[in-house]
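Engineer: sequence and predicted model, in that order:
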Amino acid sequence: MSGGFWRVVVALVILVHGAGHVLFLAPCLGMTQWGQAAHSWLLTRTLGDGPTRAIAALLWLAVIVGFVAAAASLLVGQAWWRPVAVASAGVSLLALALFASGISRQPLLSAGLMNVAILVALLWIQWPSADLVGA
């Protein structure tokens with residue numbers, strides 16, 4: 001299969017994973033009331049609900065923008081997609097850890113495992129290669 005095929009597949013996986021973080025952002029913005037990702041075991045008692053929601057919203061927004069930027073830059077063949085994807089996965093793991101008490105187990109595990117898979121693939125296995133995806 002051609003590099004273009006794998007570039008699109010990897011970019012779509014990263015894009016969909018990033019877009020999935022909207023499920024964590026929406027409660028922080030008051031768009032839904034399922035409570036996910038708006039309460040922190042560490043920050044809520046110290047800072048209160050409002051500032052904690054603001055911090056959560058900024059973290060989730062940074063993750064979404066980062067993954068979207070990584071996917072877009074991969075699609076246009078820019079090599080900087082890798083560090084952006086790594087940073088986004090790291091920030092997502094941090095946010096998941098900070099807000100774990102407010103997140104249902106299934107989304108927490110799914111997002112966490114995908115972040116770990118991205119980190120392992122890019123940092124340890126160093127997959128996909130630049131030859132495979134063209135960037």
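Structural biologist: On my side now, so go ahead. Numbers count the residues shown, from 1 in each chain.
Engineer: residue boundaries of the helices in this structure?
Structural biologist: Using DSSP state H, the helices of the chain run over residues 3-20, 22-28, 44-47, 49-75, 81-98, 105-119, 130-133.
Engineer: to residue 38, which of those lies closest?
Structural biologist: helix 22-28 (4.3 Å; Cβ to Cβ). Quick note: C-beta positions are derived from backbone N, CA and C, even for glycine.
Engineer: what's the weakest-modelled helix or strand in this structure?
Structural biologist: Between all helices and strands in the chain, the lowest mean by mean pLDDT, DSSP states H and E belongs to helix 22-28, at a mean of 90.
Engineer: give the contact list for the residue nearest to residue 98 when sequence neighbours are not counted.
Structural biologist: Nearest non-adjacent residue to residue 98, counting by Cβ to Cβ, 6 or more residues apart in numbering: residue 40, 5.0 Å away. Counting by Cβ atoms under 8 Å, 6 or more residues apart in numbering, residue 40 makes contact with 52, 55, 56, 98, 99, 101, 102.
Engineer: hang on, isn't the fourth one packed against residue 39?
Structural biologist: Meaning residue 98. No - the pair residue 98 / residue 39 is not scored as a contact, 9.9 Å apart, by Cβ atoms under 8 Å.
Engineer: low-scoring stretches of this structure, by residue?
Structural biologist: For the chain, applying pLDDT under 70 flags the ranges 1-2, 34-37.
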